[in-house]
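Trainee: Provide a 3D model corresponding to the input given below.
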Amino acid sequence: MNRLFLTFGIILSIYSSSLAQIDSVAEAVNKGIKIEFAKNTKSFAKFGIYTQLWARYSQFNSPQLDYDENSINNDFDFIMRRTGFTSLIVIDKFKFFTNLTVSSQSNTSAVTPYANRSPQLYFYDIWASYGVLKNYLTIGGGLHMYNGISRHSSASSVGSLGADVPLIAAPNLLTTDQSARQLGMFFTGNINSFAYRIAINKPFVTSTLPADTITQIVFHKPTNNFCYTGYFEYQILDKESNFMPFKNGTYLGEKRILNIGVGFYNHANATLSFNADSTKNYHNITHFAADVFFEHPLNNNRAITFYGAYYLFNYGPNYTHSFGLQESFKGSLAEYQFGTGEAYFMQAAYLFPSFKKSQKIQPFYELTIRNFEGLDSKKYHHNVGINYFVIGHHIKLTLQYENRPYDDIDFSTQRRSMLIGKFQLAI
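Mentor: Residues are numbered from 1 along each chain as shown. Next comes the predicted model:
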């Protein structure tokens, strides 16, 4: 753990030594890379690049054997969590957006003939849209993130409050979603204080069916059915645009936001279970959520941020899905992420007064409560951390401590920790 603090301190000292130059380039960075096709038109091309690098100390759920067959209980590693290249082309009412990304590369993946696996380079997003009626209705299609069921189901990883986006808001991750995206059509817009997004998608075909019949377990099955999803919010104070699908976790006090939202997701006959006589029961995947997002600036450039969400998930009776992100050893970081039942998610943050024009500090706290049918008790996951914004979300450092639950072989709930140091650059 000391190595992570040392690494984070070295990065922080490098940036602290150059603060005098940062304010002078902040304005240029905020504008980004933009090419206007002609004067006095709304046609342009904008290009971006972003990267999120992690230094991480992890406690394992149970002792693991390393590559020399020695027992180890923890690990320190480096992860390229995301690095992407974006392009947005706007020609009058037409939009075309792409996001080509390398996702979650660690020392366990490499482009060599002897590596266990290769890094994944693929399109997070590739979609086009047309503005049918001013801001009221836009229709588009492709691989997109105009999602239900909640605000964070369309979360911006660059604009996130914590070190990463909340997984609880992407209940089909690793199954019928691709990085919380699906292929389909979307309809979105703003009508005064009311904002909406609705999508009709063909989820990715997936299967967790076993070779033999297993009872009392729900499995994902291949299906050709459409899914239907949406999110609707009432924006009481400042208005947010649906020009792009991504939702920020914090605006750093630059907006006065009070939004109340509800959302849904439905995918018919997407899972099944077996009876003792090998007959099948088919189940719909149906999710609902309600949430509230509040951010308000205070005097002296301070601000408070709060987000609360309630989720109701249904994959079929007693369904649970356990996994861990970017595990060095299988099962070493796993916890129950999704399941049939209820979940609650909360974020709170306080933005301190700016000590420079662009530099800001923001401590935060995140709580996820999972109350699933297939578990014997509620599971509480805590994150506490601090953001240091060098130039807003464009250049920021995050230090986050996580405390997660897991069930050991005797089904007794234990707790393990993780410490993440994150550097983000986004232009």
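
Trainee: Stretch 255-269: which residues count as buried?
Mentor: Burial within stretch 255-269, assessed by neighbour count using 16 or more other CB atoms under 10 Å, is assigned to 255, 257, 259, 261-267. C-beta: built from backbone N, CA, C; applies to glycine.

Trainee: Apologies, that question was intended for stretch 151-163.
Mentor: 151-163.

Trainee: do the same with stretch 380-400
Mentor: Those would be 381, 383, 385, 387-400, for stretch 380-400 by 16+ other CB under 10 Å.

Trainee: Could you do stretch 47-63 as well?
Mentor: 48, 50-61.

Trainee: Now, the buried residues of stretch 380-400 that are in strands?
Mentor: Taking DSSP state E, the ones among the buried residues of stretch 380-400 that sit in strands are 381, 383, 385, 387-391, 395-400.

Trainee: residues touching the residue most central in space within the chain, list them.
Mentor: Relative to the mean C-alpha position of the chain, the nearest C-alpha, by CA atoms, centre = their mean, is the one of Val165, at 3.0 Å. For Val165, the contacting residues are 152, 155-157, 180, 249, by CB atoms under 8 Å, 6 or more residues apart in numbering.

Trainee: make it 6 Å
Mentor: By CB atoms under 6 Å, 6 or more residues apart in numbering, the residues touching Val165 are 155, 157.

Trainee: For it, which three-state class applies?
Mentor: Following DSSP: H, G, I helix; E, B strand; the rest coil, the label given to Val165 is coil.

Trainee: Show the average pLDDT along stretch 199-210.
Mentor: On average, the pLDDT along stretch 199-210 is 95.

Trainee: One more: stretch 367-386?
Mentor: Per-residue pLDDT over stretch 367-386 has a mean of 96.

Trainee: Can you tell me, leaving aside adjacent residues, what's nearest to Asn269?
Mentor: Tyr282 (4.6 Å; CB to CB, 6 or more residues apart in numbering).

Trainee: Please apply the same query to Pro297.
Mentor: Closest residue to Pro297 apart from its sequence neighbours, by CB to CB, 6+ apart: Gly253 at 3.9 Å.

Trainee: Okay, helices next: where are they in this protein?
Mentor: Counting by DSSP state H, the chain has helices at residues 2-16, 19-31.

Trainee: Low-confidence ranges, this structure, go.
Mentor: Applying pLDDT under 70 to the chain flags the ranges 1-28, 355, 357, 410-411.

Trainee: Which residue, neighbours along the chain excluded, lies closest to Lys280?
Mentor: Using CB to CB, 6+ apart, the nearest residue to Lys280 is Leu272, at 5.1 Å.

Trainee: got the contact list for the one you found?
Mentor: 221, 280, 282.

Trainee: So how do I select the buried members of these in PyMOL?
Mentor: Buried members of the contacts of Leu272, defined by 16+ other CB under 10 Å, are picked up in PyMOL with:
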select buried, resi 221
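
Trainee: Tabulate the contacts of Leu272 (a markdown table), appending distance to Gly184.
Mentor: Output for the contacts of Leu272, formatted as a markdown table (distance: CB to CB, whole Å):
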| residue | distance to Gly184 |
| --- | --- |
| Lys221 | 20 |
| Lys280 | 27 |
| Tyr282 | 22 |
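
Trainee: do you know how far Lys360 is from Asn74?
Mentor: Distance of Lys360 to Asn74, computed by CB to CB, to the nearest Å: 32 Å.

Trainee: And the two? Which one has more around it.
Mentor: Lys360 (23 against 15; other CB atoms under 10 Å).

Trainee: Could you check how far the more buried one is from Ala303?
Mentor: In terms of CB to CB, Lys360 sits 9 Å off from Ala303.

Trainee: next one: Gly392
Mentor: Distance from Gly392 to Ala303, counting by CB to CB: 13 Å.

Trainee: contact partners of stretch 305-323?
Mentor: For stretch 305-323, the external contacting residues (CB under 6 Å, 6+ apart) are 150, 171, 218, 250, 271, 273, 283, 285-295, 334, 336-340, 342-349, 372-374.

Trainee: Please state the offset of it from the chain centre?
Mentor: Distance of stretch 305-323 from the chain centroid (CA atoms, centre = their mean, to the nearest Å) equals 14 Å.

Trainee: What's the end-to-end length of it?
Mentor: In stretch 305-323, first residue to last residue: 29 Å (CA to CA, to the nearest Å).

Trainee: which residues in the stretch 51-200 of the chain form strands?
Mentor: 71-91, 94-105, 120-133, 137-144, 182-191, 194-202 (DSSP state E, counting those that start in this stretch).

Trainee: closest one to Ile427 among these?
Mentor: strand 71-91 (9.9 Å; CB to CB).

Trainee: what's stretch 348-356 in contact with?
Mentor: Residues contacting stretch 348-356 (CB under 6 Å, 6+ apart): 161, 253, 300-306, 360-362, 364-365.

Trainee: Show the end-to-end separation of that stretch, please.
Mentor: End-to-end span of stretch 348-356 (CA to CA): 23 Å.

Trainee: Check stretch 385-398 too.
Mentor: Per CA to CA, stretch 385-398 runs 7 Å from first to last residue.

Trainee: if we look at that stretch, which residues are touching it?
Mentor: Contacts of stretch 385-398 (CB under 6 Å, 6+ apart): 15, 22, 26, 29, 158-159, 163, 358-364, 399-400, 422-426.

Trainee: Throw together a ChimeraX command that grabs the buried residues out of those.
Mentor: Entered in ChimeraX, the line below selects the buried ones among the contacts of stretch 385-398, by 16+ other CB under 10 Å:
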select :15,22,26,29,158,159,163,358,359,360,362,364,399,400,422,423,424,425,426
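
Trainee: residues near Arg82, how many?
Mentor: Close neighbours of Arg82, defined as other CB under 10 Å, add up to 22.

Trainee: For it, give the beta-bridge partners.
Mentor: Gln52, Ser103 (DSSP bridges).

Trainee: can I assume Phe274 is in contact with Thr215?
Mentor: Yes. Counting by CB atoms under 6 Å, Phe274 does reach Thr215; the two are 5.2 Å apart.

Trainee: circling back to that earlier point, Asn225: which of the contacts of stretch 348-356 is nearest?
Mentor: Asn225 lies nearest to Leu161 out of those, by CB to CB, at 34.7 Å.

Trainee: quick one, what contacts the closest one?
Mentor: 249-250, 347, 349, 364.

Trainee: hmm, try it at 8 Å
Mentor: 249-250, 305, 307, 347, 349, 364, 366, 387.

Trainee: what's the answer for Ile35, then?
Mentor: Taking CB under 8 Å, 6+ apart, one finds 44-47 in contact with Ile35.

Trainee: State the distance from it to Ala110.
Mentor: Distance from Ile35 to Ala110, by CB to CB: 35 Å.
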